[in-house]
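K.L.:
Task: produce atomic coordinates for the following.
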Amino acid sequence: MELYRSHVLVCGGTGCSSSGSAKLIERFEEQLKEKGLDKEVKVAEGKGP
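P.N.:
Sure thing, here's the model as predicted:
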């Protein structure tokens, strides 16, 4: 199990998905990797109740 210093939770519900949340997650991950932070910060998709 990997431990992360921070987590970024991005909405993944129906409305958010239709507004491009998957692209936002992808872009976050790209930026974190470019800056060498991909092992410290986890980006996760959250879905409502």
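K.L.:
Tell me which helix or strand Ser7 sits in.
P.N.:
Heads up, residue 7 is His, not Ser. With secondary structure defined by DSSP states H and E, His7 is part of strand 6-11.
K.L.:
could you say what helices and strands that strand packs with?
P.N.:
helix 21-34, strand 41-46 (3 or more C-beta pairs under 8 Å, 6 or more residues apart in numbering; DSSP states H and E). Glycine gets a C-beta too; all of them are placed from N, C-alpha and C.
K.L.:
so how far is the last one from its chain's centroid?
P.N.:
Pointing back at strand 41-46 there. A distance of 4 Å separates the C-alpha centroid of strand 41-46 from that of its chain, computed with C-alpha atoms, centre = their mean, to the nearest Å.
K.L.:
That one: partners in the sheet, and parallel or antiparallel?
P.N.:
Sheet neighbours of strand 41-46, with direction, are listed as strand 6-11 (parallel) (DSSP bridges).
K.L.:
can you list contacts of the lowest-mean-pLDDT helix or strand in the chain?
P.N.:
For the chain, the helix or strand with the lowest mean confidence is helix 14-18, at a mean of 92 (criterion: mean pLDDT, DSSP states H and E). Helix 14-18 is touched from outside by Val10, with contacts defined as C-beta atoms under 8 Å, 6 or more residues apart in numbering.
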